[in-house]
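Asker: no letters, just coordinates:
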């Protein structure tokens, strides 16, 4: 109850939405209920947003509340274990690509959208690769990867004595602890989401949303091992990498390597931005997403 009150107060502080958000529930893999929000007209080309670990569809509020809804049908959902979606307790409910792919497919089917452009952030880029591994890339019109590159390149572990890495590991242990007091102590991990400090209202909101994600689900998700390098050469759909130059989740040289070797990929680097460029620089991100989507759709519809 306390967490719900905190979330409600944070939502009030964050201000009202500027467009109508329509909510529904979709049955994902194994019947897990998935919380889905849509904005815009269903017969417009669709953009599907997939958030990162410990957050929710609300991460994309600067997109859902933008003029993108005038041209596109915007769809976002809470990953299983997150936000308003179901939170199954068994590790096997989180540890297979097939499960995540079925969740994404269920949302696409239930919303009646065909070949959406997928915008995937952080852990969401791994979910995107799960979907592509199971379904191929023909069911998507385009792909935007932000905050990570979906394990298409190997993740290079920072030195264990790196102070940033030590702090990350300490807080991650608190996040997956069965003691809720530890979980609360780790909520300042939201400060990793952006390069500049978060506005206090959003900081409290993101902390509250993080506490809706149970530690057992987080443990199962972070215990997965990812290597999608085999998908890189098979990925044919137009792909935009939108990455902050201050993000510690990857190396820009890896993104540059991908773009140089693959004509279907392009890179947009956001100066002075961290892990959440769509939140930190929403006007630029939305305009680049609009242009990317228009180009992809024009190519798809051309004879």
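Answerer: Structure's in. What do you need? Predicted model, so just to flag it, every value in this text is computed and none were measured.

Asker: what confidence value was assigned to residue 300?
Answerer: Note on residue 300: pLDDT of 76.

Asker: please renumber so the chain begins at 481
Answerer: Will do, 481 is the new start, and the previous item becomes residue 780.

Asker: contacting residues for it?
Answerer: 595, 621 (CB atoms under 8 Å, 6 or more residues apart in numbering). C-beta: built from backbone N, CA, C; applies to glycine.

Asker: could you say which helix or strand contains it?
Answerer: In this assignment (DSSP states H and E), residue 780 forms part of helix 762-781.

Asker: in stretch 708-723, what counts as buried?
Answerer: Using 16 or more other CB atoms under 10 Å as the burial criterion, the residues of stretch 708-723 that qualify are 708, 711, 712, 715, 717, 718, 719, 720, 721, 722, 723.

Asker: residue 647: neighbouring residues, count only.
Answerer: Residues near residue 647, counting by other CB atoms under 10 Å, number 12.

Asker: any idea how far the most centrally placed residue in the chain lies from residue 765?
Answerer: Per CA atoms, centre = their mean, the C-alpha nearest to the average position across the chain is that of residue 531, at 2.2 Å. The gap separating residue 531 from residue 765 is 15 Å, by CB to CB, to the nearest Å.

Asker: identify each buried residue in the helix holding residue 780, please.
Answerer: By neighbour count with 16+ other CB under 10 Å, helix 762-781 contains the buried residues 762, 765, 766, 768, 769, 770, 772, 773, 776, 777.

Asker: same check, this time on stretch 698-710
Answerer: Across stretch 698-710, burial judged by 16+ other CB under 10 Å covers 698, 700, 701, 704, 706, 708.

Asker: could I get these as a markdown table with secondary structure and distance to residue 580?
Answerer: A markdown table is the format used below for the buried residues of stretch 698-710 (DSSP: H, G, I helix; E, B strand; the rest coil; distance: CB to CB, whole Å):
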| residue | secondary structure | distance to residue 580 |
| --- | --- | --- |
| 698 | helix | 15 |
| 700 | helix | 12 |
| 701 | helix | 10 |
| 704 | coil | 10 |
| 706 | coil | 11 |
| 708 | coil | 12 |
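
Asker: of these, which is the nearest to residue 664?
Answerer: Distance ranking of those against residue 664, using CB to CB, places residue 698 first at 13.9 Å.

Asker: in the stretch 581-730 of the chain, which ranges drop under the pLDDT threshold?
Answerer: Where the stretch 581-730 of the chain drops to pLDDT under 70, the residues are 636-640.

Asker: which residues in it form strands?
Answerer: For the stretch 581-730 of the chain, the strands defined by DSSP state E, counting those that start in this stretch occupy 597-601, 622-626, 719-724.

Asker: helices or strands up against the first one?
Answerer: Counting by 3 or more CB pairs under 8 Å, 6 or more residues apart in numbering; DSSP states H and E, the packing neighbours recorded for strand 597-601 are strand 526-530, helix 603-615, strand 622-626, helix 762-781.

Asker: contacts for the second one?
Answerer: It refers to helix 603-615. If you take CB under 8 Å, 6+ apart as the criterion, helix 603-615 is touched by 530-533, 559, 577-578, 580-585, 598, 600, 619-620, 623, 625-632, 701, 704, 706, 708, 711, 715.

Asker: element containing residue 748?
Answerer: Using DSSP H and E, residue 748 falls within strand 745-750.

Asker: what's the angle from that strand to strand 719-724?
Answerer: 20 degrees (axes from the mean of the first three to the mean of the last three CA atoms, to 10 degrees).

Asker: in strand 745-750, what counts as buried?
Answerer: Buried residues in strand 745-750, counted by 16+ other CB under 10 Å: 745, 748, 750.

Asker: and the following helix or strand past it, what does it pack against?
Answerer: Beyond strand 745-750 in the direction of the C-terminus, DSSP H and E gives the next helix or strand as helix 757-760. Under the contact criterion of 3+ CB pairs under 8 Å, 6+ apart, helix 757-760 touches helix 541-544, strand 719-724, helix 762-781.

Asker: what distance do you get for residue 760 to residue 612?
Answerer: Using CB to CB, we find residue 760 at a distance of 27 Å from residue 612.
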